[in-house]
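Participant: Kindly generate the corresponding structure for this input.
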Amino acid sequence: MSKTLGRRAVIGSALGLGMASAAAADTQTFTAGPKGNTMVYVAAWDCPPCIQWKNNYKPDFVASPQYKKLTLRMIDAHSIKTAYEASYWPEDLLPFRAYLIERKWIGVPRFSFLKDGKIVSSEWGVSGWVSKVWPSIQQTIKA
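Facilitator: Numbering: from 1, shown residues only. Next up is the predicted model:
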């Protein structure tokens with residue numbers, strides 16, 4: 001690997017970590033969401049990681065004691081490109097959609113866990129589910 005490429009990788013990693021930290025710090029500012037424990041799941045039919053989560057992780061999630069104590073709100077768009085179009089979102093979640101778009105948190109699958117309208121965790125990708133969102137649900141909602 002060239003020194004230039006190595007430096008770019010280090011700088012890119014540092015920027016990525018900074019952006020992740022900024023996103024994590026910002027998760028507490030949205031407070032207009034649904035009451036109670038809610039997970040908003042944004043997916044698309046043409047999204048391989050969405051299909052992976054649906055087939056490999058959703059069954060265990062649905063069978064969990066935590067699932068029985070929350071409301072799952074699914075945004076299931078026809079394509080990745082349309083997942084954040086207003087027509088796929090129920091009216092009461094449009095302010096949350098606008099919040100995600102404003103912050104450019106628009107990847108799919110997106111998992112957002114809210115408690116009494118406040119974001120507890122919001123991540124995209126199956127790795128975000130495994131490392132952040134599911135553990136935050138388990139910590140917040142005791143079995």
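
Participant: which one is the most centrally placed residue in the chain nearest to, not counting chain neighbours?
Facilitator: Geometric centre of the chain, nearest residue: Phe111, 2.6 Å, by Cα atoms, centre = their mean. Closest residue to Phe111 apart from its sequence neighbours, by Cβ to Cβ, 6 or more residues apart in numbering: Val133 at 4.2 Å. Glycine gets a C-beta too; all of them are placed from N, C-alpha and C.

Participant: Tell me the secondary structure at the one you found.
Facilitator: At Val133 the chain is in helix, as set by DSSP: H, G, I helix; E, B strand; the rest coil.

Participant: What ranges does this protein have for its strands?
Facilitator: Ranges of strands in the chain, per DSSP state E, are 37-44, 71-77, 110-115, 118-124.

Participant: ok, the third one: who's next to it in the sheet?
Facilitator: It refers to strand 110-115. The pairing partners recorded for strand 110-115 under DSSP bridges are strand 37-44 (antiparallel), strand 118-124 (antiparallel).
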